[in-house]
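# My questions are about this predicted structure, shown below with the sequence.
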Amino acid sequence: MGAIILSETTTESVLLVDGMALLFRGYYATSSSGYIMRTSAGVPVNGVYGFLKYLLDAIGTFKPTHVVCCWDMGSKTFRTEKFDLYKANRGPAPEELIPQFDLVKEVTASFNIPNVGVIGYEADDCIGTLARTYSPSTKVQILTGDHDMLQLVEENTEVIIMKKGQSNYMVYTLETLMTEKSLTPAQIIDLKGLTGDTADNYPGVKGIGEKTATKLLMEYENIAGILENLAALPKGVRAKIEAELEMLHLSRDLATIRLDVPVACALEECGWAMEREKVISKFEELEFKGLMRLIG
């Protein structure tokens with residue numbers, strides 16, 4: 001019976017957008033040449049411009065019926081409470097990007113796309129929570145550049161990783177994840193616990209890379225299984241794990257996307273229904289003549 005229900009709902013799909021991933025990508029893709037696009041009033045808009053190109057391309061490619069955009073709400077989260085070096089390797093945002101944080105949300109709002117974020121949590125946690133809320137009845141697709149999100153893949157949830165260049169996507173399902181990485185979504189969390197994450201600045205177990213971690217997980221399934229079989233591991237690997245047990249558990253916790261964030265966005269509030277005039281008015285304000293053709 002479950003399969004019949006699913007087939008009835010596959011006409012609807014919701015695209016959950018990792019807003020910061022698109023904004024930063026848009027900013028750096030255009031600013032690397034040293035040229036920052038600005039309005040005639042001098043307001044920098046290159047990140048917003050790039051964000052829109054990526055967003056509209058994904059909507060055109062995957063044709064969702066619903067769209068939600070999720071955002072980080074500042075750098076202090078429950079993860080920085082647990083580990084004060086979390087993401088501490090990241091410098092301040094470029095000066096020209098700062099005014100674009102609010103501007104980009106105005107632009108998504110002009111498309112009637114809800115902007116969602118919860119103080120104390122990251123966008124990933126909002127995306128994970130909404131994905132689990134929607135997936136029993138609606139196909140979910142998550143648009144990001146962040147491989148951490150692969151832990152959210154399930155039967156009715158795909159993760160779309162943006163690769164270099166326009167219109168270049170890798171769509172992860174349970175099957176493609178297993179084919180490419182030999183791991184299940186749950187094992188992605190354990191992988192991060194073992195290897196850490198240099199981008200997020202938590203170390204995992206020093207000296208254990210992705211290849212060793214994947215081999216261990218294929219053999220022992222998860223971190224609990226590895227720890228139960230420490231005696232069977234090669235001496236060097238065992239010594240590394242034993243020396244870093246506390247950091248192993250902390251890193252796994254930091255890598256775990258929370259699925260119980262106090263966030264709600266009813267599907268009927270996020271239907272993809274662009275009001276052309278509203279969008280054109282915003283585009284004119286930002287002098288986005290080159291994007292007019294993308295909205296038909």
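Great, that's in hand.
# which one's the longest helix in this protein?
helix 46-62 (DSSP state H).
# same for that one, what does it pack against?
For helix 46-62, the elements it packs on are strand 13-18, helix 19-31, helix 98-110, strand 139-144, strand 157-162, judged by 3 or more Cβ pairs under 8 Å, 6 or more residues apart in numbering; DSSP states H and E. The C-beta positions use only the backbone N, C-alpha and C, and glycine is treated the same way.
# Pick the most buried one from these.
Comparing those on average neighbours per residue, with mean count of other Cβ atoms under 10 Å, the densest one is strand 13-18 at a mean of 26.
# List the buried residues in stretch 78-96.
79-80, 83, 86-87, 93, 96 (16 or more other Cβ atoms under 10 Å).
# and of these, the nearest to residue 39?
residue 96 (12.3 Å; Cβ to Cβ).
# Excluding chain neighbours, give the residue nearest to that closest one in space.
residue 44 (4.0 Å; Cβ to Cβ, 6 or more residues apart in numbering).
# who's in contact with the one you found?
36-38, 96-97, 99-100 (Cβ atoms under 8 Å, 6 or more residues apart in numbering).
# how about it, phi and psi?
Phi and psi for residue 44, reported as degrees, to the nearest 10, are phi -70, psi 130.
# Show me what it is bridged to.
residue 38 (DSSP bridges).
# how much space is there between it and residue 281?
20 Å (Cβ to Cβ, to the nearest Å).
# Could you do residue 110 as well?
7 Å.
# Compute the number of surrounding residues for residue 267.
As a burial measure, residue 267 scores 16 neighbours (other Cβ atoms under 10 Å).
# what about the nearest residue to it once chain neighbours are set aside, distance to residue 125?
Distances taken as Cβ to Cβ, 6+ apart put residue 66 closest to residue 267, at 5.8 Å, once the chain neighbours are dropped. According to Cβ to Cβ, residue 66 and residue 125 sit 20 Å apart.
# now swap in residue 234 and tell me
From residue 234 to residue 125 the distance is 36 Å (Cβ to Cβ).
# what's the answer for residue 293, then?
Distance from residue 293 to residue 125, by Cβ to Cβ: 36 Å.
# So which of these two has more stuff around it?
residue 125 (24 against 7).
# From what I see, that one and residue 118 are in contact.
Yes - the pair residue 125 and residue 118 qualifies as a contact (Cβ atoms under 8 Å) at a distance of 7.4 Å.
# shared neighbours, these two?
residue 261.
# Show the contacting residues for residue 196.
Residue 196 touches 202-205, 251, counting by Cβ under 8 Å, 6+ apart.
# Which parts of the stretch 101-250 of the chain are helices?
For the stretch 101-250 of the chain, the helices defined by DSSP state H, counting those that start in this stretch occupy 123-134, 174-181, 185-195, 210-220, 223-228, 235-243, 245-255.
# Which one of the ones you listed lies nearest to residue 270?
The nearest among the helices of the stretch 101-250 of the chain, by Cβ to Cβ, is helix 123-134 at 9.3 Å.
# Between strand 13-18 and the closest one, find me the angle.
For helix 123-134 against strand 13-18, the angle by axes from the mean of the first three to the mean of the last three Cα atoms, to 10 degrees is 170 degrees.
# is residue 140 in a bridge, and if so with what?
residue 14, residue 157.
# quick one on the thing from earlier: please report how far the residue nearest to residue 96 lies from residue 17.
21 Å.
# same question, residue 289
24 Å.
# Also residue 170?
Counting by Cβ to Cβ, the gap from residue 170 to residue 17 is 16 Å.
# what's the answer for residue 74, then?
Distance from residue 74 to residue 17, by Cβ to Cβ: 19 Å.
# At the geometric centre of this protein, which residue sits there?
The structure's the chain has its C-alpha centroid closest to residue 144; by Cα atoms, centre = their mean the separation is 4.2 Å.
# wouldn't that one be in contact with residue 21 here?
Yes - Residue 144 is within contact range of residue 21, at 5.0 Å (criterion: Cβ under 8 Å).
# what would the helices of the stretch 101-250 of the chain look like in a markdown table with mean pLDDT?
Below are these laid out as a markdown table (pLDDT from 0 to 100):
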| stretch | mean pLDDT |
| --- | --- |
| helix 123-134 | 98 |
| helix 174-181 | 97 |
| helix 185-195 | 98 |
| helix 210-220 | 97 |
| helix 223-228 | 97 |
| helix 235-243 | 97 |
| helix 245-255 | 97 |
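# so how many other residues sit close to residue 179?
10.
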